[in-house]
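Undergrad: okay, here's the prediction I keep looking at, along with the sequence it came from:
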Number of protein chains: 2
Amino acid sequence: MSAHHENDQPSLTKNQALVLGALTGSNGPLTAYAILDLLRADGFRAPLQVYRALDKLVDFGMVHRLESLNAFVACRHPGCTSHDSAAFAICEQCGLVTEFTPDKALDMLKDWAKGEGFQMAKTTIELRGLCRTCTAH
Amino acid sequence: MSAHHENDQPSLTKNQALVLGALTGSNGPLTAYAILDLLRADGFRAPLQVYRALDKLVDFGMVHRLESLNAFVACRHPGCTSHDSAAFAICEQCGLVTEFTPDKALDMLKDWAKGEGFQMAKTTIELRGLCRTCTAH
DNA sequence: CCTATATAGTAATATTATAACATGATGAGC
DNA sequence: GCTCATCATGTTATAATATTACTATATAGG
């Protein structure tokens, strides 16, 4: 297996590719156990197979964990380089998840961190509410 | 039991007061099961007693849930009126949790939401990294 | 008193995540 | 090609977090 370097597309193992495929094929976030069920036909038997692949995919920046849902989404952020600072808007009605990069908000948070002497490694930003469509209805 | 109105200090039930006491007496976040263990001496027997009290306390804005820790903290934010938009910096070394109100960052997120037609009900903002003390060491 | 609502107790179970240990594949250096 | 270190995998069991379902009790308002 070739090593992963920053800015490379890491080559994925079979399990990692299967898990990523499940996520990219889904139109929304999936829990680890939902992924497990999707991949039983491919030979998956145990949660750890999913969790281990997810750990790597998150490391690679190809998948994000949604903390407030205990679920995972493939990164839809084209050309995104700062995978540790994506933000998500989650519709509580229809489940739609929209990824975006809140650069300005991140700058404000960095300012706070600087003033506080806090060395920021990762941010979790998740908005809950109603998407445009569900608001209209 | 008197009703809770916005801007009131709601009167708490016995269980709610016990759970809040456990959290204010702690110098950091507690999980629901940690709270349960602390309150066994007071007669708590089951997780649901804790979860039900936590639900109410979070409703009241007196307790926050830290999504990335599956844990809870008493609100330390004096005079805070926007309990749905607190932010937290979590030190991954020592566990210190610092609550703050990221007004500017929230404005940026509100701008994004407005442009997107997303009706924001609640935000989760959690920073992970190293606190000042741990950075120094 | 009657009833609607909120709170509470308890047992069982569902959901999410990890520990522990054995096995197999791969690549670097010799 | 062999050896070793490393990483990925498979499997079982278990831990940690959260909810469902059902019952009972209290209380405020009519």
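TA: Perfect, I can see it now. Numbers count the residues shown, from 1 in each chain, chains lettered A, B, ... in the order given.
Undergrad: so who does the closest residue to residue A:39 other than its chain neighbours touch?
TA: Computed as CB to CB, 6 or more residues apart in numbering or on different chains, the closest residue to residue A:39 that is not its neighbour in sequence is residue A:18, at 5.5 Å. C-beta coordinates here come from the backbone N, C-alpha and C atoms, glycine included. Going by CB atoms under 8 Å, 6 or more residues apart in numbering or on different chains, residue A:18 touches A:39, A:42, A:44, A:53.
Undergrad: same thing with residue A:38?
TA: Per CB under 8 Å, 6+ apart, neighbours of residue A:38: A:22, A:30.
Undergrad: and residue A:26, that's in a strand?
TA: No: the assignment for residue A:26, made by DSSP: H, G, I helix; E, B strand; the rest coil, is coil rather than a strand.
Undergrad: any idea how far it is from residue B:76?
TA: 39 Å (CB to CB, to the nearest Å).
Undergrad: one more: residue A:87?
TA: 25 Å.
Undergrad: for residue A:75, same thing?
TA: Taken as CB to CB, the span from residue A:75 to residue B:76 is 34 Å.
Undergrad: the more surrounded of these two?
TA: residue A:75 (19 against 13; other CB atoms under 10 Å in any protein chain shown).
Undergrad: and residue A:122, that's in a strand?
TA: Yes: counting by three-state DSSP, residue A:122 is part of a strand.
Undergrad: I'd say it and residue B:125 touch.
TA: No: using CB atoms under 8 Å, residue A:122 is not in contact with residue B:125, being 12.0 Å away.
Undergrad: which of those two has more residues huddled nearby?
TA: Each of residue A:122 and residue B:125 has its neighbours counted (other CB under 10 Å); residue B:125 has more, 25 against 14.
Undergrad: which ones are touching that one?
TA: A:109, A:123-125, B:85-88, B:102, B:105.
Undergrad: separation between it and residue B:28?
TA: In terms of CB to CB, residue B:125 sits 18 Å off from residue B:28.
Undergrad: residues of chain A that sit close to DNA strand D?
TA: A:1, A:13-16, A:43-49, A:52-53, A:56 (CB under 7 Å from any atom of the strand).
Undergrad: return the item of those residues having minimum pLDDT.
TA: The member of the residues of chain A next to DNA strand D with the lowest pLDDT is residue A:1, at 39.
Undergrad: quick one: residues contacting the spatially most central residue of chain A.
TA: Residue closest to the average C-alpha location in chain A (CA atoms, centre = their mean): residue A:64, at 1.2 Å. For residue A:64, the contact set (CB under 8 Å, 6+ apart) comprises A:58, A:72-73, A:75, A:83, A:86, A:88, A:99.
Undergrad: among the contacts of residue B:125, which one sits closest to DNA strand C?
TA: Nearest to DNA strand C among the contacts of residue B:125 is residue A:124, at 12.8 Å by CB to the nearest atom of the strand.
Undergrad: which ones are touching that closest one?
TA: Per CB under 8 Å, 6+ apart, neighbours of residue A:124: A:67, B:67-68, B:124-128.
Undergrad: report pLDDT for it.
TA: With respect to pLDDT, residue A:124 scores 97.
Undergrad: I am finished for the moment; much appreciated.
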